[in-house]
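In: Take this sequence and fold it.
(one chain, ligands or ions: 1)
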Amino acid sequence: MHFQTKNTMRIMNGAALARKIRSVLTIEIEFCKNKYGRSPKLSVILVGNDPASMTYVKSKGKACNEIGIESDLHFLPFSTSQDELLALIRQLNEDDSVDGILVQLPVPKHIDKNVILSAIDYHKDVDGLHPMNVGLLNTAGDCIIPCTPKGILSLLKSEGIEIAGKHAVVIGRSNLVGKPMAQLMLRENASVTVCHSKTRDLPYLTRQGEILIVAIGCPNLINADMIKPGAVVVDVGINSVDNKLVGDVYNSIDVSSIEKKAAAITPVPGGVGPMTIASLLENTFEIYKRRMKVAL
Ligand code: NAP
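Out: The predicted structure is shown next:
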């Protein structure tokens, strides 16, 4: 008899969920604009002209405008001093028409990222990177949750992935992705292992992950042998290989072996990326609602 291995790996479609989130937001924002006389507004600051950052900032502005959020993009020259940047942030903090403030990272080396992030009014800190929001997340307080981990959690929930009691392995410990992701998984009652560049036996740990979240920024580091059979894999990484966008896990080299191992995976592109933008829009609208004392 001939048995054929059936490929049952599910692709978790972040792009489709993000579209749904955006259409709900569009209706709610239109309602609020009519009722309260102003739209939500996001101010984005970019220092320098790094092409990737430029693309991210423009796509954030476009995503805002498509659903009725006003966007206010500040393109500052590379030579901008820390004091000049701080002065702009103070101005936006005090501007009542601005709900969310985002400084696109990385900032040039002559500017201290931590000083800048701490200068943003934490109530307007749409990226959830102000120390107050980081602290509140760690103490399970009411806070603004960083967009990428927030989007990943929404996607897992919408896919019906059970989290409580599972072993989640998170690779990466940045404030942007890894650490807040680990906190969110803990909040959902998963047991969590966090790995990083000094982790001794990465394959041993990744093979324990019933939910494996990979946020490194290195293509091909995670192969099929490192995945627990039946695991749910979230591929956060964004890498450019031969002018093609690939993740840390799901790329052309190992696709068929991974398909036989994982139960579900986020594609790159079309997985975590669109959910990050959708969460940015949600965070901006959340802040607007808090500031306008809207209850929907
Ligand atoms: P990051 O600040 O550079 O952090 C990378 C993490 O990976 C660090 O914690 C680092 O460990 C760890 N790492 C590096 N090499 C490793 C190795 N060989 N083994 C195990 N761990 C290793 O980057 P990030 O901001 O968290 O972003 C991670 C990736 O996600 C990037 O590709 C980024 O472009 C992508 N990203 C995607 C989205 C999206 O919307 N799809 C959003 C944000 C980020 P150490 O701490 O020890 O250095």
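In: which regions of the stretch 151-296 of the chain lie under the pLDDT threshold?
Out: 252-253, 296 (pLDDT under 70).
In: Just give me the longest helix of this structure.
Out: helix 14-36 (DSSP state H).
In: Kindly format the C-alpha coordinates of the helix or strand that that one is followed by as CSV.
Out: Under the assignment DSSP states H and E, the closest C-terminal helix or strand after helix 14-36 is strand 41-47. Output in CSV follows, covering the C-alpha atoms of strand 41-47 (Å, rounded to 0.1, in the frame of the first residue of the first chain):
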residue,chain,number,x,y,z
LYS,A,41,-4.3,61.8,14.5
LEU,A,42,-0.9,60.0,14.4
SER,A,43,2.3,62.0,14.2
VAL,A,44,5.3,60.0,12.9
ILE,A,45,8.9,61.3,13.0
LEU,A,46,11.7,60.0,10.9
VAL,A,47,15.3,61.4,11.3
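In: Quick one: list the elements packing against the longest helix of the chain.
Out: helix 51-66, helix 147-158, helix 272-292 (3 or more C-beta pairs under 8 Å, 6 or more residues apart in numbering; DSSP states H and E). Quick note: C-beta positions are derived from backbone N, CA and C, even for glycine.
In: export these to JSON lines and tack on distance to the ligand?
Out: Listed next are those as JSON lines, based on distance: least, C-beta to the nearest ligand atom, whole Å:
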{"stretch": "helix 51-66", "distance to the ligand": "9"}
{"stretch": "helix 147-158", "distance to the ligand": "4"}
{"stretch": "helix 272-292", "distance to the ligand": "3"}
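In: Dump these to CSV, plus mean neighbour count.
Out: As requested, these are exported to CSV (neighbours: other C-beta atoms under 10 Å):
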stretch, mean neighbour count
helix 51-66, 15
helix 147-158, 23
helix 272-292, 22
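In: Skipping adjacent residues, who's closest to Cys195 in space?
Out: The shortest distance from Cys195 to any non-neighbouring residue, by C-beta to C-beta, 6 or more residues apart in numbering, is to Ile171 (4.5 Å).
In: before we move on, what about Pro219?
Out: Asn239 (4.4 Å).
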